[in-house]
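Novice: no sequence on this one, just coordinates:
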């Protein structure tokens, strides 16, 4: 596919994905908040479980929830489903456009022994298997031990992250774990929540009493989606943060970040139920700080200003490394297939350009191995060490 066309298609799909995700997350967060805020109605009404009074945009709103369903169906009944479907469809399309079509670059880790075609097959299997494992756990344990369901799915997610990290690039590992969880969320809507709501409506239309268990199962799946939202959001933006996905232990970093985000979501859910646990936020912040400290590289080239002057690195040694491993993409006219513009407009052709971006080079190619992309050019540890020592000396151009 032409690089310019691919870029515009990427933009359109990403724009749609973000917009629909905002709509889906907004309704999800709102309805969980609504559920947690329900209070006994001021005036008793048959079948009403609770109500919430709200003020927004200069108007007052009264919302009521029925234990199962109202005595009769209203003429207009609003369903919330297309936000979820559009988010998943656009997200899967992005996954196919970037990671499946470019599997040899973005998906499969060089040296893993996995072919691009096999990598795509594995990715698709992960999406399907993730839903199968989760749904089976819910059907066997849901309602009896929800904590066990959560612990099992968390353990499964960490196992998947570890397994994928052995054959996929760090970027792809994070994206695929997020895609698996996003697929579970969308399947919850498509396979459980909406079908159960249709059964409730059908029972009412036929004059039968709806089964309360249908609504209870749908509510539980919605709550699961609520807790998974923040981890999925992180994976959507993770490709901007190589310090998380580039280390060899990236799967453990991902697990830690997921635990932090779930803790934060749990705090707000408890707070909305009137159970304030203020210590959860500083605990999550402390855990995040500890995770960042542990993930910081402790070996390799020294930081700027600490290099041994006797081992001084000349720019003449650095420039061919940059030309070989960086300038193929970061040039006015990139030579790497799939790029017709330098990524993020960054140029690494002239000495002044290279020196000005020395710290960024260190972060991407020395402190982590995020660059070159998938190490397609085969940058060696010795070359990374050379760059690190040059940056440590202040990135001299002589």
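Specialist: Perfect, thanks for sending it. Computed from a prediction, not measured in an experiment: that's the story for all the values here.
Novice: CA only for contacts and neighbour counts going forward, please
Specialist: Fine.
Novice: residues in contact with the helix or strand bottoming out on mean pLDDT in the chain?
Specialist: Counting by mean pLDDT, DSSP states H and E, the weakest-scoring helix or strand in the chain turns out to be helix 358-365, with a mean of 86. Counting contacts by C-alpha atoms under 8 Å, 6 or more residues apart in numbering, the residues outside helix 358-365 that touch it are 242, 370-372, 384, 387-388, 391, 395.
Novice: need those residues in JSON lines with distance to residue 201, secondary structure and neighbour count, can you?
Specialist: Written out in JSON lines, the entries for those read as follows (distance: C-alpha to C-alpha, whole Å; DSSP: H, G, I helix; E, B strand; the rest coil; neighbours: other C-alpha atoms under 10 Å):
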{"residue": "242", "distance to residue 201": "48", "secondary structure": "helix", "neighbour count": "20"}
{"residue": "370", "distance to residue 201": "52", "secondary structure": "coil", "neighbour count": "23"}
{"residue": "371", "distance to residue 201": "54", "secondary structure": "coil", "neighbour count": "20"}
{"residue": "372", "distance to residue 201": "55", "secondary structure": "coil", "neighbour count": "19"}
{"residue": "384", "distance to residue 201": "63", "secondary structure": "helix", "neighbour count": "22"}
{"residue": "387", "distance to residue 201": "66", "secondary structure": "helix", "neighbour count": "26"}
{"residue": "388", "distance to residue 201": "65", "secondary structure": "helix", "neighbour count": "27"}
{"residue": "391", "distance to residue 201": "66", "secondary structure": "helix", "neighbour count": "27"}
{"residue": "395", "distance to residue 201": "69", "secondary structure": "coil", "neighbour count": "22"}
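Novice: can you redo these as TSV with distance to residue 183?
Specialist: As requested, the contacts of helix 358-365 are arranged in TSV below (distance: C-alpha to C-alpha, whole Å):
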residue	distance to residue 183
242	24
370	27
371	29
372	30
384	38
387	41
388	41
391	43
395	46
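Novice: low pLDDT regions in the stretch 51-200 of the chain?
Specialist: Judged against pLDDT under 70, the low-scoring parts of the stretch 51-200 of the chain cover residues 143-144.
Novice: the strands in it, which residues?
Specialist: If DSSP state E, counting those that start in this stretch is used as the criterion, the strands of the stretch 51-200 of the chain fall at 59-66.
Novice: now for residue 114, how many residues are close by?
Specialist: 16 (other C-alpha atoms under 10 Å).
Novice: my read: residue 245 touches residue 238, true?
Specialist: Yes - assessed by C-alpha atoms under 8 Å, residue 245 is found in contact with residue 238 at 7.4 Å.
Novice: higher neighbour count, these two?
Specialist: The neighbour count for residue 245 versus residue 238, taken as other C-alpha under 10 Å, is higher for residue 245 (27 against 20).
Novice: residues touching that one, list them.
Specialist: Here residue 245 is in contact with 170-171, 173-174, 238-239, 251, 253-254, 370 (C-alpha under 8 Å, 6+ apart).
Novice: so who does the residue found closest to residue 256 once you drop the neighbours it is linked to in the chain touch?
Specialist: Nearest in space to residue 256, with sequence neighbours left out and distances taken as C-alpha to C-alpha, 6 or more residues apart in numbering, is residue 291 at 7.0 Å. With contacts taken as C-alpha under 8 Å, 6+ apart, residue 291 has the following neighbours: 253, 256-257.
Novice: the residue nearest in space to the middle of the chain: which element?
Specialist: A centroid search over the chain (C-alpha atoms, centre = their mean) returns residue 235, at 1.9 Å, as the residue closest to the centre. When secondary structure is defined by DSSP states H and E, residue 235 falls within helix 212-237.
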